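A.B. asks: Starting from these lines, generate the structure:
(one chain, ligands or ions: 1)
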Amino acid sequence: MADQSFKQKGFVLWLTGLSGAGKSTIAEIVEGELRSRGLNIEILDGDIVRKELTRDLGFSKEDREENIKRVTFVAKLLSRNQVACICSFISPYREMRDRIRRETTNFIEVFVDASLESVSERDVKGLYKKALSGEIPNFTGISAPYEVPDMPDLHILTDEQTPLQSATQILEYLEDVGLAPYSKLF
Ligand code: ADX
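C.D. replies: Residues are numbered from 1 along each chain as shown. Next up, the predicted model:
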């Protein structure tokens, strides 16, 4: 049951982590749950945004910065209009994530942490194999850096928990800071 007295505030829930760490899956669970609690919500996800909004960009440091810059612009517009915005991007550079924090209100950095061993072993999209053989250059974790967040608002260990448990950790945090109405979880 949605809490009718809850007044929605905009926020930017930013999921950062390696490709295949579970960002998109967790984002979708959180989205579904918040929508069912009556929040207006949008997801901006790397794989989709790169087809629709940043198709012209690749994976050099400059292109990733431009990718994140455009996404931040959209997230800013949404969140300042009380929309909950879930952003799911590798966003590998600390400096770029710090910039988003400075430019948006209610920014929550979530480190979706999976070991390189586990993501490259699972290799859901078959990209790690290609990156290791050199077929894909500049691949995060293999031939391009991932700068681990120093002080994320939330640190999620996806090697040790299910996507549902990770989503629950995020939902409890959002409830605690007053950005989501309380509800019986799942
Ligand atoms: S970011 O670095 O600019 O934040 P983003 O999250 O948008 O990256 O896109 C990452 C997705 O692009 C990955 O999940 C993967 O499917 C795909 N991809 C293709 N090439 C690369 C690459 N060189 N490095 C990382 N991801 C890549």
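A.B. asks: Contacts only, for the closest residue to the ligand within the chain.
C.D. replies: Of all residues in the chain, the one sitting closest to the ligand is residue 46 (2.6 Å; Cβ to the nearest ligand atom). In short, each C-beta sits where N, CA and C put it, glycine included. Residues in contact with residue 46 (Cβ atoms under 8 Å, 6 or more residues apart in numbering) are 23, 24, 67, 88, 89, 90.
A.B. asks: out of these, who's nearest residue 161?
C.D. replies: Using Cβ to Cβ, residue 23 comes nearest to residue 161 of the contacts of residue 46, at 14.1 Å.
A.B. asks: Going along the chain, name the helices of this structure.
C.D. replies: Listed in chain order, the helices found in the chain under DSSP state H are 23-36, 46-52, 61-79, 94-103, 116-122, 127-132, 163-176.
A.B. asks: Quick one: closest of those helices to residue 10.
C.D. replies: Shortest separation from residue 10 across the helices of the chain is recorded for helix 61-79, at 3.5 Å, computed as Cβ to Cβ.
A.B. asks: Pull the closest one out as PDB, backbone CA atoms only.
C.D. replies: Extracted as PDB, the C-alpha positions of helix 61-79 are listed here (Å, rounded to 0.1, in the frame of the first residue of the first chain):
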ATOM      1  CA  LYS A  61      38.300   8.500 -21.000                       C
ATOM      2  CA  GLU A  62      37.000  11.600 -22.800                       C
ATOM      3  CA  ASP A  63      34.000   9.800 -24.300                       C
ATOM      4  CA  ARG A  64      33.100   8.200 -21.000                       C
ATOM      5  CA  GLU A  65      33.300  11.700 -19.400                       C
ATOM      6  CA  GLU A  66      31.000  13.100 -22.100                       C
ATOM      7  CA  ASN A  67      28.600  10.100 -21.600                       C
ATOM      8  CA  ILE A  68      28.400  10.800 -17.900                       C
ATOM      9  CA  LYS A  69      28.100  14.500 -18.500                       C
ATOM     10  CA  ARG A  70      25.000  14.100 -20.700                       C
ATOM     11  CA  VAL A  71      23.400  11.700 -18.300                       C
ATOM     12  CA  THR A  72      24.100  14.000 -15.300                       C
ATOM     13  CA  PHE A  73      22.300  16.800 -17.200                       C
ATOM     14  CA  VAL A  74      19.200  14.600 -17.700                       C
ATOM     15  CA  ALA A  75      19.400  13.300 -14.100                       C
ATOM     16  CA  LYS A  76      19.500  16.900 -12.800                       C
ATOM     17  CA  LEU A  77      16.400  17.900 -14.800                       C
ATOM     18  CA  LEU A  78      14.500  14.900 -13.600                       C
ATOM     19  CA  SER A  79      15.500  15.100  -9.900                       C
END
